[in-house]
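Asks: Here's a sequence, model it:
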Amino acid sequence: MTDTTARARELNLYRKYFDLVAAGTKTIEVRVKYPHLEDLAAGDTIRFRIKGTDETCDVRVLRVTAYETFEALLDGEGPANVNPSASHDEQLANIRSIYGPEKEALGALAIEIKLLVP
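Replies: Sure, this is the predicted structure:
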């Protein structure tokens, strides 16, 4: 029997990305394909938090797609969905400054999200 119960998770975000999610303009969250995110699925809820604060916003996961690299993810999802205020090349540089090559080697996840209005 498979467990199809939607789960809730909490993930940290930097302020600039949190603000885009909270405004509803960032619809794709980029994460490394860590083992603890392997079972993330459509229907799950993510509570994004700015680390060290009480500021949160909740989103519903619509889809999770795995990619080999961050560049393939940006090409597949469209940079405007990941960060509408930065170019493809700027985003790739930003993502790679957060996650080093050893993290990118694990693979990348594009998490399509929809802001949940309280």
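
Asks: CA atoms only for the top strand by length along the chain - export them in PDB, please.
Replies: Longest strand of the chain, by residue count under DSSP state E: strand 56-67. Extracted in PDB, the C-alpha atoms of strand 56-67 (Å, rounded to 0.1, in the frame of the first residue of the first chain):
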ATOM      1  CA  THR A  56       6.800  32.600   6.600                       C
ATOM      2  CA  CYS A  57       4.700  32.000   3.500                       C
ATOM      3  CA  ASP A  58       3.000  28.700   2.500                       C
ATOM      4  CA  VAL A  59       2.900  27.300  -1.000                       C
ATOM      5  CA  ARG A  60       1.300  24.200  -2.500                       C
ATOM      6  CA  VAL A  61       3.600  21.900  -4.600                       C
ATOM      7  CA  LEU A  62       2.100  21.500  -8.100                       C
ATOM      8  CA  ARG A  63       4.900  19.500  -9.700                       C
ATOM      9  CA  VAL A  64       8.400  18.300  -9.100                       C
ATOM     10  CA  THR A  65      10.800  17.700 -12.000                       C
ATOM     11  CA  ALA A  66      14.400  16.500 -11.800                       C
ATOM     12  CA  TYR A  67      17.200  17.800 -14.000                       C
END
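
Asks: How about residues contacting that strand?
Replies: With contact meaning C-beta atoms under 8 Å, 6 or more residues apart in numbering, strand 56-67 is reached by 10, 18, 21-22, 29, 33, 40-50, 73, 76-77, 107-116, 118. Using the backbone N, CA and C atoms, a C-beta is placed for each residue, glycine as well.

Asks: Any idea how far the following helix or strand past it is from the middle of the chain?
Replies: Of the helices and strands lying after strand 56-67 in sequence (DSSP states H and E), the nearest is helix 70-77. Counting by C-alpha atoms, centre = their mean, to the nearest Å, helix 70-77 is centred 13 Å from the centre of its parent chain.

Asks: Check stretch 59-66 too.
Replies: 8 Å.
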